[in-house]
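Engineer: here is my input, please return the structure:
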Amino acid sequence: REALEHYDIIKIFSRSEYPQWKMQQDKIFQDKRFRFVIGDIREKDRLSQCLRGVDCVIHCAALKHVALCQQNPKEMSRTNIFGSSNVVDACLEAGVKKSIAISSDKAVSATTFYGASKFITEGLFLNGNIYNGTKFSVLRSGNFTESRGNVLETWKGQAKTGEVTLTDENMWRYFIPVKDVAKLLYVLLDVMEGQEIFVPKMVEYPMTDLLKGLYPDVKIKVTGKGTGEKLAEDLFFEDEKPEDMGDYWRVKA
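Structural biologist: Got it, this is the predicted structure:
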């Protein structure tokens, strides 16, 4: 509903057929202003077709499961890195006015393939501003509370068995609701000037406390950290100088 207050036409571009079909069953998305397009950012021609006449682009596409990205770096790179490069090129060719890429706190001092791919995505988008066409910026976020396959969804399924896994008892993570990210994106598309990294203000949770708060009666099994996994994530590089903008920080790259 909020999207319809801001834009005349909203195109939803995704390679996933089933989620698009599910969205179209919701009354909210049965408005004719929503256009559903099956496509993959790996295929630049199809992407370029979709972006004709588009003013603003929010780039959310990524392979995001850290362990699977670690096991499949080539496939991850085709989407997260080369796909992001296609988005930049297609925006410039189509004359898109503004584009924001969704990045991750794992991009900061990256220690995993996924984090490295997000760091490169940030660079691709920020560097896109040198062409004096589309304005490119980045939203660097923590974990979404509602995201397929995330730890909260995993715990919910495991809790039914009476035992829940935790990688490390000293793990901390940032979380933010998807609806808060969506609201912030509308604001940023209005205020962005290009060459900026925006970081929403989020709550950092100790994962042990979060798990015990959600499921106080389950048994906890500690599995150990995955390859490159940090105990805590950073929101900024040491040389970045964030400006406090109220609900978010802004870094001029």
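Engineer: can you pull out the strands in the stretch 151-253 of the chain?
Structural biologist: All strands of the stretch 151-253 of the chain, identified by DSSP state E, counting those that start in this stretch, fall at 163-166, 172-176, 196-200, 203-206, 219-222, 243-244, 248-252.
Engineer: how about the ones you listed, which one is nearest Leu185?
Structural biologist: Among those, strand 196-200 comes nearest to Leu185, with 9.2 Å by Cβ to Cβ. For every residue, glycine as well, the C-beta is placed using N, CA and C.
Engineer: now for Ser117: which residues touch it?
Structural biologist: Shown in contact with Ser117 (Cβ atoms under 8 Å, 6 or more residues apart in numbering): 62, 69, 76-77, 80-81.
Engineer: to clarify, my last question referred to Thr121.
Structural biologist: Applying Cβ under 8 Å, 6+ apart, the residues contacting Thr121 are 62, 80-81, 84, 101, 103, 107, 138.
Engineer: from the contacts of Ser117, pick the one nearest Gly226.
Structural biologist: Closest approach to Gly226 among those (Cβ to Cβ): Cys69, at 10.6 Å.
Engineer: burial count for that closest one?
Structural biologist: When neighbours are counted by other Cβ atoms under 10 Å, Cys69 registers 22.
Engineer: my guess is it is in a strand, correct?
Structural biologist: No. Per DSSP: H, G, I helix; E, B strand; the rest coil, Cys69 lies outside any strand segment and is helix.
Engineer: mind checking pLDDT for Ala94?
Structural biologist: pLDDT, Ala94: 96.
Engineer: so how far is Phe125 from it?
Structural biologist: Distance of Ala94 to Phe125, computed by Cβ to Cβ, to the nearest Å: 16 Å.
Engineer: neighbour-wise, which of those two wins?
Structural biologist: Set Ala94 next to Phe125 and count neighbours by other Cβ under 10 Å: Phe125 wins out with 28 against 19.
Engineer: now do the same for that one: helix, strand or coil?
Structural biologist: Here Phe125 is helix, with the state taken from three-state DSSP.
Engineer: chain neighbours aside, what residue packs nearest to Asn143?
Structural biologist: Excluding its sequence neighbours, the residue lying closest to Asn143 (Cβ to Cβ, 6 or more residues apart in numbering) is Phe175, at 5.0 Å.
Engineer: so what's the residue count around the one you found?
Structural biologist: 18.
Engineer: ok, now Cys50?
Structural biologist: 19.
Engineer: what's near enough to touch it?
Structural biologist: Going by Cβ under 8 Å, 6+ apart, Cys50 touches 11, 13, 37, 39.
Engineer: just the buried residues of the strand or helix carrying the third one, please?
Structural biologist: When you say that, I think you mean Val37. Assessed by DSSP states H and E, Val37 sits inside strand 34-38. Buried residues in strand 34-38, counted by 16 or more other Cβ atoms under 10 Å: 34, 36.
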